[in-house]
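# what follows is a predicted structure for the sequence shown.
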Amino acid sequence: MTAPGVKFFSTTAHACSYLPGEQAVTLFADPKSRMDARVYTELSDLGFRRSGNYVYRPHCATCQACVPVRIPVDRFVPNRQQNRVWKRNQDLTVTACDGSFREEHYELYEHYIAARHYDGDMFPPSVEQYASFLTSDWSDTRFYEFRLEGRLLAVAVCDVLENGLSAVYTFFNPDESARSLGAFAILWQIEETKRLGLPSLYLGYWIKNSAKMNYKIAYRPIELLINGEWLTAR
C-alpha cells in the first residue's frame, strides 16, 4: 500500500449493495489521516473511491466482482449510440460551480433518487445524506450543471485528481429520459478531462453481474484494475 502516513481499517461483513445474497467488506482510509490531491490520486490508482470525507474500496476475501475502471480519454472513440446522445444534447449549456449546498441541486437530487433508486439504500433522500455523500472538506470537487434555457436538467459531481477526473455521482431529471442524460454526462466529462490536459476519467466500479453497472463497459477503450495493474479491456 502506498500513500505514506495513511492508516487503513476494514469493516465487518455486511450485505452487499450490488449482488443480492453476498456479504461485503470495505477498506477505509483513516479519516484522521492527512488527505490531499496527491494522496487521493495515489489511492484512486489503487482502486479507491470517495464518499463524503471517506475514501474506500471493496476488500472482500472471497469475491473480486467489483473492478475499478477508468477511461483513457485521449484514446476514447464513441460508438454510434454515444454519438447520437452527444448530438441530441448540444442544446445544453454546462457550468462549473463549487460544492456549496444549493437548494436547486438538492431538489433535483431528491427527485432523481425518489424516481430511480426508491428500492435502494439511498432512499429516502435527505439534505444530510446528500451533503455527507457528495461533498468533502478536503477534495477539489466540482458540480457541473447541465441546463436547457436556464432550467437545471442534470448535475455531475467530479473530483479533480492529479491524473484525471473522478466521476463521483451524476443525478438528473428522470422525466427527460429521451435525452440519456447519464450517458451524456459521461461523454461530457471525457471531453472536460481532455480539456484539462488530464489522461483518465475514473468511473468507479464495474460489476459484470450487476445490470446497474453494465453501462460503464460501453465506453471504449476502458481500463480495468486487475491484480494491481491497469489493463485495457478486450
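The structure has been received and is ready for your questions.
# now residue 82. Nearest residue, chain neighbours left out?
residue 187 (6.0 Å; C-beta to C-beta, 6 or more residues apart in numbering). Using the backbone N, CA and C atoms, a C-beta is placed for each residue, glycine as well.
# which helix or which strand is home to the one you found?
Using DSSP states H and E, residue 187 sits in helix 181-195.
# what does the pLDDT read for residue 80?
Residue 80 is assigned a predicted lDDT (pLDDT) of 98.
# again, but for residue 3
At residue 3, the model reports a pLDDT of 62.
# show me which helix or strand of this protein is least confident by mean pLDDT.
When each helix and strand of the chain is scored by mean pLDDT, DSSP states H and E, strand 14-15 comes last, with a mean of 90.
# partner strands of the helix or strand following that strand, with direction?
Downstream of strand 14-15, the first helix or strand assigned by DSSP H and E is strand 23-24. The strands that strand 23-24 pairs with in its sheet are strand 14-15 (antiparallel) (by DSSP bridges).
# neighbouring contacts of the strand it pairs with?
Under the contact criterion C-beta atoms under 8 Å, 6 or more residues apart in numbering, strand 14-15 has outside partners 22-26.
# and the residue sitting furthest away from the middle of the chain, what are its phi and psi?
Most distant residue from the mean C-alpha position of the chain: residue 149, 26.4 Å away (C-alpha atoms, centre = their mean). When read as degrees, to the nearest 10, the backbone of residue 149 gives phi 50, psi 40.
# so how far is residue 162 from it?
36 Å (C-beta to C-beta, to the nearest Å).
# break this protein into its domains for me.
8-64, 81-197 (automatic domain parsing).
# check the offset of the longest one from the chain's centre.
In terms of C-alpha atoms, centre = their mean, to the nearest Å, the gap separating the centre of domain 81-197 from the centre of its chain is 10 Å.
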